[in-house]
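A.B. asks: give the three-dimensional model of this entry:
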Amino acid sequence: MIRSLHEMSKVRACFQRSGACEGREEKQAHVNTGTSKAHGQSKGNEEERQIMNTHIKTIGLLVLIVLSLPAWCIGDDRNGNNLLSECGAVLTSVDDAQSFDASQSKTFDVGFCLGLMQGMLHMNQFYEYQLKGAALFCQPDGTTTGQAARIVVKYLRDHPEELHIRDRLLAYMALRTAFPCANRKK
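C.D. replies: Numbering: from 1, shown residues only. As a prediction, the model looks like this:
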């Protein structure tokens, strides 16, 4: 059983040199002592391994970068119409639970809206407390995600001419309108 990455690279090198691992220890001993005819090839194999490791690291880094991109960077066509529908589903689920369509898509809409509201409220608290008063809006203590969803829906219904704007920006505008900061420096 292979116990480490180092041991795995030895096995891979063995297969590259000979195509099989029979007598692997003997071949490794010859390479280490310099008595093998393939000593010159050993340096070539080391260079190939280094190049291969560099390529693997590069590919791994690229995969990590792509997977760490937020979903909205990949396909950002979300606007106020989407947000009104999703946060409207929150209000329907709370105000009229009997008629709420609990299908998977509506449940997703509710979760998306509440997640966006929670993220915005928490990020604003971070700005306020960690960045010493740099809050985007001044929410009172105890503001809930449900309350934030109501504020956003009201704002979107009152400003239909802005529904083409990105959903996150509209949510920010709604919360800032509802919770302005009186002492904000302009």
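A.B. asks: for this protein, what spans make up the helices?
C.D. replies: 5-18, 24-33, 39-68, 71-74, 80-95, 104-130, 145-158, 167-178 (DSSP state H).
A.B. asks: what mean pLDDT does the second one get?
C.D. replies: Per-residue pLDDT values over helix 24-33 give a mean of 48.
A.B. asks: dump the residue contacts of residue 143.
C.D. replies: 121, 179 (Cβ atoms under 8 Å, 6 or more residues apart in numbering). In this view, the C-beta of every residue, glycine as well, is placed from N, C-alpha and C.
A.B. asks: where's it relative to residue 93, distance?
C.D. replies: 19 Å (Cβ to Cβ, to the nearest Å).
A.B. asks: one more: residue 109?
C.D. replies: For residue 109, the distance to residue 93 - Cβ to Cβ - is 9 Å.
A.B. asks: domain map for the chain?
C.D. replies: Using automatic domain parsing, the domain ranges for the chain come out as 5-68, 72-178.
A.B. asks: least reliable of those domains by average pLDDT, please.
C.D. replies: Comparing mean pLDDT across these, the weakest is domain 5-68, with a mean of 61.
A.B. asks: look up how far residue 117 lies from the closest residue to residue 84 other than its chain neighbours.
C.D. replies: Take residue 84 and drop its neighbours on the chain: the residue closest to it by Cβ to Cβ, 6 or more residues apart in numbering is residue 156, 4.5 Å away. Separation of residue 156 from residue 117 (Cβ to Cβ): 13 Å.
A.B. asks: overlap in contacts, those two.
C.D. replies: Common neighbours of residue 156 and residue 117 (Cβ under 8 Å, 6+ apart) are residue 87.
A.B. asks: residue 112: neighbouring residues, count only.
C.D. replies: By other Cβ atoms under 10 Å, 19 other residues sit near residue 112.
A.B. asks: surely it meets residue 85?
C.D. replies: No - at 9.9 Å, residue 112 does not count as touching residue 85 under the criterion of Cβ atoms under 8 Å.
A.B. asks: quick revisit: distance check, the residue nearest to residue 84 against residue 90.
C.D. replies: Applying Cβ to Cβ to residue 156 and residue 90 gives a distance of 12 Å.
A.B. asks: now residue 180
C.D. replies: To residue 90, residue 180 is 24 Å away according to Cβ to Cβ.
A.B. asks: tell me which of the two has more neighbours.
C.D. replies: Legend: neighbour count by other Cβ under 10 Å for residue 180 and residue 90, higher for residue 90 (25 against 10).
A.B. asks: contacts only, for the nearest residue to the more buried one once chain neighbours are set aside.
C.D. replies: In this structure, residue 90 finds its nearest non-sequential neighbour in residue 149, 4.4 Å apart by Cβ to Cβ, 6+ apart. Residues near residue 149 by Cβ under 8 Å, 6+ apart: 87, 90, 91, 113, 114, 117.
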